[in-house]
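Visitor: Here's my sequence, what's the structure:
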Amino acid sequence: MTDVVDRPASQASRPAARAHHRADATPSVDVEALGEQLLGKWARIRLHSRELAGRPELYKTEGLTHTEHRKRTFGQLKYLVDNGAVHRAFPASLGGSDDHGGNIAGFEELVTADPSLQIKAGVQWGLFGSAVMHLGTEEHHAKWLPGIMNLDIPGCFAMTETGHGSDVASIATTATFDPATQEFVVNTPFRAAWKDYIGNAAIDGLGAVVFAQLVTSGVNHGVHAFYVDLRDPETKEFLPGIGGEDDGVKGGLNGIDNGRLHFSNVRIPRTNLLNRYGNVDTDGAYTSSIASPGRRFFTMLGTLVQGRVSLDGAAVAASKIALKTAIQYATERRQFNASSHIDEEVLLDYQRHQRRLFTRLATTYAAGFAHEQLLQKFDDVFSGAHDTDEDRQDLETLAAALKPLSTWHALDTLQECREACGGAGFLIENRFASLRADLDVYVTFEGDNTVLLQLVAKRLLADYAKEFRNVDVGVLARYVVSQAAGTAVHRTGLRQVAQFVADTGSVQKAAIALRDEATQRLLLTDRVQTMVAEAGAALKGTNKLPQQKAAEAFNQHQHELIEAAQAHAELLQWEAFTEALANVKDPGTKRVLTWLRDLFGLSLIEKNLSWYLMNGRLSMQRARTVGDYINRLLVKIRPHAVDLVDAFGYGPEHLRAAIATGAEQIRQDEARAYFRSQRADGKAPVDEKVLLAKKARESKPQRR
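Guide: As a prediction, this is how the structure comes out:
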């Protein structure tokens, strides 16, 4: 019998094995209320998308060939259109609802059905369609968006080249204006300039938004986007001058027909330039509302940030699926007679198992709360509620900070959950291996994670330079060494972080209670500030050096800068978790979530203990207590583990893992009943060790 009374169906698979933990456990978690909070602002849309993702029509069918998988996934796109799941972000005038945040919230939930479906839908509507919408004008919208929305025009987002991935500014494809014919001539001048890894390119794509260097009147005006027809709609054959290849079988996401495209003197009308930010007149004159070529480039690319935002959310969703399955199984699976001669131990009662899963559970909560803030920022910008240049820069930086952490975390979580479930975890029927294969590429597309963190680091340095522009080197040096010269403020482009070290005298003295919220904030913030300050001091004046020397100096500190960016992103997650706690009304839930937040914060400190010790932020004695604090938190969180994953709100139709159905509990109960019956009937064979011990006792001389 389980404690599932009055719980939603998606939260009903609750193991009886943990009942003895709940009998006297206080506080308790209000699963329903927590689940509503986790759904966030766009709860209704998320639930609708989850309902769709739970339908068999959208499931990933394991074992298909990549050809069969591609065909199924394309059919599923039509299913999404028919069920009104993909048009939310498009203009209301064309049948959309101008709901940018809701669109992403619904889209990222599709990862629970099949990551190939999520990404192929993202290519069609989140990249191809969005490029036309955000980089084009109303004329372009009227001409192409209806067909893109209803899937009459399956399309490609042709940016990446074989020779240039993250370095978009250096792509080699050209679009040269010919005033005599009023056409652009598109060319990929050499093999490395071919568009590569392009979704929908191998089979389905009829059109593409092609990114190329715009050349007119002998001047290169940088990367712009052009609409190019690829195939004949009837024959599906490439049009003249266009060719391509199939990328073939990949390490995952084989429901997507990735391929290569190349162009040889392909002529397109002048009006196929998506000219929201740059236009070429009939005489070949180039004009733009943004004078700076660099700023223009980043503005155009910034309109496409939703890919990173959605990957951040999808990675969090995949982590939730993995943890729900692994923790559910760990409350049922028994192994080894550690504390009883009769019953084996439940896996989740082992400290190491708790450390493996609970620390990742804490990170998933932190990443989820941070994603909700990112999604709100995204919606603010694209709805126009808060759409200044600074807002867009902040959005870009925030997405670049959070997407790497969540996608790396998803891979780590899927692997750890797979191992925590033993051989059962390796079976495809339990989805860990399949999900991990599909999510592997999330860490390198829509921006390679390391490159994205470098972008964040440069923003941190820029803000640091502004803050200390009028500070002399002596003061700066004292700041780096002592961190106690007053108030250090870094605007980071994401939030203002003010740390009043002087109030406590020193970080070392402040670290008297590592579980204290203020202490965690102090330690996490101080690390970011110090790392940025040290790098800033080391790189001071490099803007005056020759390009090669400046590049060499930056390269010498690249590792430290990326570490600082990652530390900054982790701080953002911790802050988001802390801010979310303020919105929890139920005292029991708040207490348990505070423990989970503390586990996240202390895990970050433990991971970087060497830094805190080397920089004198923690004493050796204080550092030794971090692990003890974490272990105590594991014990407190243990009775609430299933509640915390139940609050994610994913049901059996989303998990689709045999080991998360309660089948293991049935097997364990059957085994325990069998041995109990044997003992009761006196039919159990005598253990040889027991017999030997008895003989040993009998052979000892009796004392008189």
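Visitor: who's in contact with the closest residue to residue 596 other than its chain neighbours?
Guide: Among residues not flanking residue 596 along the chain, residue 362 sits closest, at 4.8 Å (CB to CB, 6 or more residues apart in numbering). For glycine as for every other residue, the C-beta is placed from the backbone atoms N, C-alpha and C. Residue 362 makes contact with 596, 597, 599, 600, 603 under the criterion CB atoms under 8 Å, 6 or more residues apart in numbering.
Visitor: surely the first one meets residue 361?
Guide: Yes. Using CB atoms under 8 Å, residue 596 makes contact with residue 361 at a distance of 7.0 Å.
Visitor: Common neighbours of those two, please.
Guide: Common neighbours of residue 596 and residue 361 (CB under 8 Å, 6+ apart) are residue 644.
Visitor: Point out where the stretch 501-650 of the chain drops to low pLDDT.
Guide: Low-confidence segments of the stretch 501-650 of the chain (pLDDT under 70): 501-512.
Visitor: cool, and the stretch 51-200 of the chain?
Guide: Within the stretch 51-200 of the chain, no range satisfies pLDDT under 70.
Visitor: Run through the strands of the stretch 101-250 of the chain in chain order.
Guide: In the stretch 101-250 of the chain, the strands defined using DSSP state E, counting those that start in this stretch lie at 155-158, 174-178, 183-187, 195-198, 207-216, 219-229, 242-246.
Visitor: which of those strands sits most buried?
Guide: strand 155-158 (a mean of 30; mean count of other CB atoms under 10 Å).
Visitor: Quick check: neighbours of it in the sheet, parallel or antiparallel?
Guide: Note on strand 155-158: by DSSP bridges, its sheet partners are strand 207-216 (parallel).
Visitor: starting at the chain centroid, how far to the strand it pairs with?
Guide: Its chain's C-alpha centre and that of strand 207-216 lie 30 Å apart, by CA atoms, centre = their mean, to the nearest Å.
Visitor: From residue 280, how far off is residue 596?
Guide: Using CB to CB, to the nearest Å, residue 596 is found at 55 Å from residue 280.
Visitor: Apologies, that question was intended for residue 206.
Guide: For residue 206, the distance to residue 280 - CB to CB - is 25 Å.
Visitor: what about these two, which has more around it?
Guide: residue 280 (24 against 18; other CB atoms under 10 Å).
Visitor: give me the beta-bridge partners of the more buried one?
Guide: Counting by DSSP bridges, residue 280 is bridged to residue 286.
Visitor: Show me which residues of the helix or strand where residue 595 lies are buried.
Guide: Taking DSSP states H and E as the definition, residue 595 sits inside helix 587-607. Using 16 or more other CB atoms under 10 Å as the test for burial, helix 587-607 gives 588-606.
Visitor: before we move on, what about stretch 292-309?
Guide: Quick answer for stretch 292-309 (16+ other CB under 10 Å): 296-297, 299-309.
Visitor: which residues sit against that stretch?
Guide: Against stretch 292-309 from outside (CB under 8 Å, 6+ apart): 89, 100, 104, 122, 126-127, 130-131, 134-135, 168-169, 221-225, 277-278, 288, 290, 374-375, 378, 382, 392-393, 395-396, 399-400, 403, 446-447, 452.
Visitor: For that stretch, what does the pLDDT average out to?
Guide: Stretch 292-309 carries an average pLDDT of 90.
Visitor: Can you give me the first-to-last residue distance of it?
Guide: Length of stretch 292-309, first residue to last, CA to CA, to the nearest Å: 26 Å.
Visitor: what residues are up against residue 48?
Guide: Neighbouring residues of residue 48 by CB under 8 Å, 6+ apart: 85, 106.
Visitor: Assumed it was part of a strand.
Guide: No. Using DSSP: H, G, I helix; E, B strand; the rest coil, the assignment for residue 48 is helix, not a strand.
Visitor: before we move on, back to that, residue 154: which of the buried residues of stretch 292-309 is nearest?
Guide: For the buried residues of stretch 292-309, the residue nearest residue 154 by CB to CB is residue 307; the value is 17.8 Å.
Visitor: Give me the phi and psi angles of that closest one.
Guide: Phi and psi for residue 307, reported as degrees, to the nearest 10, are phi -60, psi -40.
Visitor: any idea how far it is from residue 128?
Guide: Residue 307 sits at a distance of 11 Å from residue 128 (criterion: CB to CB).
Visitor: tally of neighbours for the residue nearest to residue 109 when sequence neighbours are not counted?
Guide: What sits nearest to residue 109 in space, not counting adjacent residues and going by CB to CB, 6+ apart, is residue 49, at 4.0 Å. For residue 49, the count of nearby residues is 24 (other CB under 10 Å).
Visitor: same deal with residue 699?
Guide: Neighbours of residue 699 under the rule other CB under 10 Å: 7.
Visitor: cool, and residue 442?
Guide: That count, for residue 442 with other CB under 10 Å as the rule, works out to 26.
Visitor: Confirm it sits in a strand?
Guide: No. Read with three-state DSSP, residue 442 is helix and lies in no strand.
Visitor: Roughly how far does the spatially closest residue to it that is not a sequence neighbour sit from residue 414?
Guide: Of all residues not flanking residue 442 in the chain, residue 407 sits nearest, at 4.3 Å (CB to CB, 6+ apart). Distance, residue 407 to residue 414, using CB to CB: 11 Å.
Visitor: shared neighbours of those two, anything?
Guide: Listed as contacting both residue 407 and residue 414 by CB under 8 Å, 6+ apart are residue 439.
Visitor: Can you classify the residue nearest to residue 194 when sequence neighbours are not counted by secondary structure?
Guide: Sequence neighbours aside, residue 262 is the residue nearest to residue 194 in space, at 4.5 Å (criterion: CB to CB, 6+ apart). Secondary structure assignment for residue 262 (three-state DSSP): strand.
Visitor: just checking, residue 262 touches residue 196?
Guide: No. In this structure, residue 262 is not within contact of residue 196 by CB under 8 Å, at 9.7 Å.
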